[in-house]
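1. return atomic coordinates for the entry below.
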Amino acid sequence: MKKISLSAVLLLLSMALFSQIKPEKLRCEYLTAPLGVDVPNPRLTWQLHDDRYGALQKSYRIVVGTDSAQVASGRGESWDSGEIVSDEMLVAYDGKNLEPFTRYYWKVVIGDMNGEPRNSDITFFETGMMRMTNWKGNWISDGEHLDGNGINVKQAPYFRKEFPVGKKIRSARAYIAAAGLYELYINGLRIGDHILDPMYTHFDRRNLYVTYDVTDALKNGSNAIGVLLGNGWYNLQSTAVWYFHRAPWRDRPTFCLDLRITYDDGSVETIKSDTDWKTALSPLIFNSIYTGEHYDARLELPGWNTVGFDDSKWNNALYRLAPSQNIVSQQLPPIRRVEEVPVMNFKKIDNQRYIFDLGRNISGVSRLRVKGEAGTTLRLVHSEILRPNDSVDIRNIAAHYRPTDDSDPFSTDIFILSGKGEDEFMPRFNYKGFQYVEVTSDKPVELTASSLTGWFMHSDLQPVGHVETSNPTINKLWYAANNSYLSNFFGYPTDCPHREKNGWTGDANYAVDLGLYNFDGITVYEKWLADHRDEQQPNGLLPNIIPTSGWGLDWATGPDWTGSVAIIPWAVYEFYGDSRLLHDMYDNIRRYVDWITERSPDGLCNLGLGDWVPVKSRTPQQYTTTVYYYRVVSILAKAAEMFDKRDDFVRYAALARKIRDAFNKKYFNAETAIYAEGNQTEMSTALLWGLVPDEAKQKVADNLAKRVIENDNSHLDVGLLGSKSIFHALSENGYADLAYKVAAQETFPSLGYMIVKDNATTLYEDWYAIGEQSESSLNHIMFGEVNAWFYKALGGIRIDAAHAGFKHFILQPHFVKGLNFAKISYDSPRGMIISDWERKKNNVIYRITVPANTSATLLIPNGFKLKRSRLSTGEKITLEQPYILKAGSYVLEF
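-> Below is the predicted model:
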């Protein structure tokens, strides 16, 4: 055998590495190979896989076409951008008009740091309806709405239709829109793994449709399609203080479906929803997304969604008016049953009562498998609290429920057995927030720990961040905050997954940085800001819960809560470098600001909710609301400048100065450098959001630190608004060690106290919820900003305001006392950023990865000096101030 020389081996390795350098993670509208794209100029994005030091993209060329072979060869009949000298990795399609129902293949060719062309793999996106007029199907429902009492009919309807397929199928797509919720079946198989589709909207203003590839579900010959409809928020039959049972859109659920089949000969056939569909009532005898589901297995109709089922006694479906004239594609990660959670502790009280403990708090459902006599009725009560007497307690989550009778118990499923062997039940159109499940039966049944399983459900957002430190409490706090964030995202951000399930604008507003550091969330926020547009009144007013049936328009509508209309689009712009959402929301922000300004002629605002749930010190509502009035107006001024709206920029920049001056005149004592009473919320919000005069910042920060140490014993004394600002205000002004000390506290009042005292796996709504009987939720996200602080302060991964989207970013880690290491990573829109540090004897070893086609400014913490620097490959490198890091992986020693 001929020996291969070392130089040849190195050459082969070099060639292999060279061949791996290419654009990757190609996405359209921030989704991988999406179906049902409706926008005329979809955004195309990618990252560059290139580990070489100084790697960058000098140019790009995008090729788009309907023929994959032509695109592979570099020809695109739909669009060829030509070579564009640019490092941009976010480009809007700018070719021929996109046709509906069409698959477009695309690739990108970039010029690397040496000008060498690098081809991506080919991917695709597929257009959907594109226009309302392309729908063929009709909106249909069962006849239960004709007597005027349809909204009160509890049993969910089945729908079915059989149809023949006589030719070879090339592809098939199902497009389905619903007012309510649905499950779709073809030939007995459930289509897709989405749960609770379509997402919740203001149903008489906008409806969403979902696209499925159903090619493999169809067969030659006879086929059957089935639909089960649920109420969702469209027909909420449960009564609570939020009045969704009085929603103006309420009606019996309805749907519209097009099954579009393309045959090998190029012909197209559409199976559509119409009155030739048959309908009957299902075994799902009650469903409420708010309270629970009731299922009678004795009423099951085996084979109802398959060919040959006898539907001769079923009724024909009837036409319904479309719920709105605005039906658009649902383009965001779906809700899924993401994680199966086994029972950790199990207790049999007797043969009619059992307690299941999942060991963690989740949003989702439980699945029960059980045998018993026909008609045996089981109740599954889901709770966050188990009392010492082995009874579940739902008083904290049922506080706002107003039942009219006992037929709809809160957070409870009812399951009636068939008596035909083992029955299985899992809710289809409901979810809950719980850790414990109490199962009671009216007849003896035998259950074991494996009889019940929990399923963690939420919008299936892709994780992009990770935090690990030498402090287990910090790690558990990061985990708990993420659990609460996910538990409160179901196509829109909520406050809690049980008591309310409301889209409180303030909770989402304060959690947006946490969300975007940890999850790829742009699409879910774009959907929710479209909900803002639907809800905004002509005069600019916004409600404090979105979507809403009308509740929340006359209370707490100030910028501390509904400033979400500006704060979230700005955050999305900063994280992704994408201004489309901010541009789409510009007029809504302007009208909202004008509405506030009319009511705040002196520059001080009184419209807000204030520093919700403080520990002890209370901040005047006007104080915090004016802080957020200033913040929202400042964002509007910056957006006006960005979009070249000169007159608006001048106007709103002047308004921001007016607010700041009025605020400081009333609340700032320049001699003492104290705001108002000097509590944590007052001092930190003024610091973080830029209201403190430059010359007074350090004195104000010093006074804040003094307050924290001397008055509050290095513990928290904040409510919701203060929890957003306290850690950043300290660490960004020379007090990172103190900020960490506060964050890591394990005694009351602190976030760590929830973790250590109560073994919390989610964050609580109230500092005093631990061990107390109150209406406080044990799964709220509103105090979770400390999670974002881990990235910004411990990892030092910060946005550069001049280069949104992490094209250039700041690395400013704080090697805080009391922590031996911190490993922080964030997969930015341009690639993975790694910021890891650990103490080694008297030194700190700091490992950094700056992704290809980006750069970073390194800011060294005070008191530390750079001793040595090298690339991760071992090559020594000299860094000089200012420390500008090119793409690459570094090892620094301080």
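2. from N703, how far off is L730?
-> Using Cβ to Cβ, to the nearest Å, L730 is found at 12 Å from N703. For glycine as for every other residue, the C-beta is placed from the backbone atoms N, C-alpha and C.
3. mind listing what's buried in stretch 311-318?
-> Within stretch 311-318, the residues scored as buried using 16 or more other Cβ atoms under 10 Å are D311, W314, A317, L318.
4. and the helices in the stretch 1-150 of the chain?
-> 6-20, 68-72 (DSSP state H, counting those that start in this stretch).
5. where among these is average confidence lowest?
-> When these are ranked by mean pLDDT, helix 6-20 comes last with a mean of 53.
6. now secondary structure too, for the buried residues of stretch 311-318, in a markdown table please.
-> Formatted as a markdown table, the buried residues of stretch 311-318 follow (DSSP: H, G, I helix; E, B strand; the rest coil):
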| residue | secondary structure |
| --- | --- |
| D311 | coil |
| W314 | coil |
| A317 | coil |
| L318 | strand |
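7. which one of those sits closest to S828?
-> The nearest member of these to S828, counting by Cβ to Cβ, is A317 at 49.0 Å.
8. report pLDDT for the closest one.
-> pLDDT recorded at A317 is 98.
9. hang on, isn't it packed against W139?
-> No: the pair A317 / W139 is not scored as a contact, 9.9 Å apart, by Cβ atoms under 8 Å.
10. need the overlap of contacts for the two.
-> Common contacts of A317 and W139, defined by Cβ atoms under 8 Å, 6 or more residues apart in numbering, comprise S273.
11. that older thread, for L730 and N703, indicate the residue with more neighbours.
-> L730 (29 against 17; other Cβ atoms under 10 Å).
12. gap between that one and V512?
-> The value you get for L730 to V512, if Cβ to Cβ is used, is 21 Å.
13. list the contacts for K107?
-> Applying Cβ under 8 Å, 6+ apart, we find K107 in contact with L26, I62, V63, V71, A72, N119, S120, D121, I122, T123.
14. so which of those residues belong to strands?
-> Counting by DSSP state E, the contacts of K107 place L26, I62, V63, N119, T123 in strands.
15. nearest to F783 among the residues you listed?
-> Using Cβ to Cβ, L26 is the member of those that lies nearest F783, at 37.6 Å.
16. can you pull the pLDDT of the closest one?
-> On the pLDDT scale, L26 is placed at 98.
17. what is the neighbour count of it?
-> Per other Cβ under 10 Å, the neighbour tally for L26 reads 21.
18. of the contacts of K107, buried ones?
-> Of the contacts of K107, these count as buried by 16+ other Cβ under 10 Å: L26, I62, V63, V71, S120, T123.
19. pipe those into CSV and attach distance to S391 per row.
-> Output for these, formatted as CSV (distance: Cβ to Cβ, whole Å):
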residue, distance to S391
L26, 54
I62, 62
V63, 65
V71, 63
S120, 59
T123, 54
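20. E746 versus M754, what's the distance?
-> 10 Å.
21. for M89, same thing?
-> Plainly put, M89 is 43 Å away from E746 if you go by Cβ to Cβ.
22. who's in contact with A556?
-> Residues counted as contacts of A556 (Cβ under 8 Å, 6+ apart) are G506, N544, L607, G608, L609.
23. considering the residues you listed, which possesses the most neighbours?
-> G608 (28 neighbours).
24. longest single strand anywhere in the protein?
-> Under DSSP E, the chain gives strand 353-370 as its longest strand.
25. strand partners (parallel or antiparallel) of that one?
-> strand 345-350 (antiparallel), strand 423-425 (antiparallel), strand 432-441 (antiparallel), strand 452-459 (antiparallel) (DSSP bridges).
26. name the helices or strands packed onto the helix or strand following that strand?
-> The helix or strand immediately downstream of strand 353-370 is strand 377-383, counting by DSSP states H and E. With contacts defined as 3 or more Cβ pairs under 8 Å, 6 or more residues apart in numbering; DSSP states H and E, strand 377-383 has these neighbours: strand 353-370, strand 392-393, strand 412-416, strand 432-441.
27. H532 is nearest to which of those?
-> Nearest of the helices and strands packed on strand 377-383 (Cβ to Cβ): strand 353-370, 23.1 Å.
28. let me see the ranges of the helices in the stretch 451-600 of the chain.
-> Using DSSP H, counting those that start in this stretch, the helices found in the stretch 451-600 of the chain span residues 472-487, 505-518, 522-535, 559-562, 564-576, 580-598.
29. can I get the strands paired with strand 353-370 in CSV with distance to Y401, mean pLDDT and mean neighbour count?
-> Shown next, in CSV, are these (distance: least, Cβ to Cβ, whole Å; pLDDT from 0 to 100; neighbours: other Cβ atoms under 10 Å):
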stretch, distance to Y401, mean pLDDT, mean neighbour count
strand 345-350, 25, 98, 12
strand 423-425, 22, 98, 18
strand 432-441, 13, 98, 24
strand 452-459, 21, 98, 23
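30. of the ones you listed, which is nearest W555?
-> Judging the strands paired with strand 353-370 by Cβ to Cβ, what sits closest to W555 is strand 432-441, at 24.5 Å.
31. quick one, the closest one and helix 472-487 angle?
-> Interaxial angle, strand 432-441 versus helix 472-487 (axes from the mean of the first three to the mean of the last three Cα atoms, to 10 degrees): 80 degrees.
32. just name the most buried of the helices of the stretch 451-600 of the chain.
-> helix 559-562 (a mean of 31; mean count of other Cβ atoms under 10 Å).
33. that one packs against which elements?
-> Packing partners of helix 559-562 (3+ Cβ pairs under 8 Å, 6+ apart): helix 505-518, helix 621-642.
34. buried stuff in the longest one?
-> To tie it back to what came earlier, the one meant is helix 621-642. Going by 16+ other Cβ under 10 Å, helix 621-642 has these buried residues: 621-640.
35. sheet partners, orientation included, of the strand or helix carrying E183?
-> E183 belongs to strand 181-186 when assigned by DSSP H and E. Paired with strand 181-186 in the same sheet, following DSSP bridges, are strand 189-190 (antiparallel), strand 221-230 (antiparallel).
36. can you tell me which of the contacts of A556 is nearest E695?
-> Nearest to E695 among those, with distances taken as Cβ to Cβ, is G608, at 28.8 Å.
37. so which helix or strand takes in that closest one?
-> Counting by DSSP H and E, no helix or strand carries G608.
38. switch the helices of the stretch 451-600 of the chain over to a markdown table; also include distance to T254.
-> What follows is the helices of the stretch 451-600 of the chain, written out as a markdown table (distance: least, Cβ to Cβ, whole Å):
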| stretch | distance to T254 |
| --- | --- |
| helix 472-487 | 30 |
| helix 505-518 | 29 |
| helix 522-535 | 19 |
| helix 559-562 | 31 |
| helix 564-576 | 31 |
| helix 580-598 | 29 |
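39. how about the ones you listed, which one is nearest A673?
-> Nearest of these (Cβ to Cβ): helix 559-562, 24.2 Å.
40. which positions in stretch 862-871 come out as buried?
-> Here stretch 862-871 shows S869 as buried, counting by 16+ other Cβ under 10 Å.
41. span of it from start to end?
-> End-to-end distance of stretch 862-871 (Cα to Cα, to the nearest Å): 24 Å.
42. contact partners of it?
-> For stretch 862-871, contacts defined as Cβ under 8 Å, 6+ apart pick out 53, 734, 815, 843-844, 860, 876-879, 883, 888-894.
43. low pLDDT regions in the stretch 1-150 of the chain?
-> Applying pLDDT under 70 to the stretch 1-150 of the chain picks out residues 1-19.
44. perfect, that will be all.
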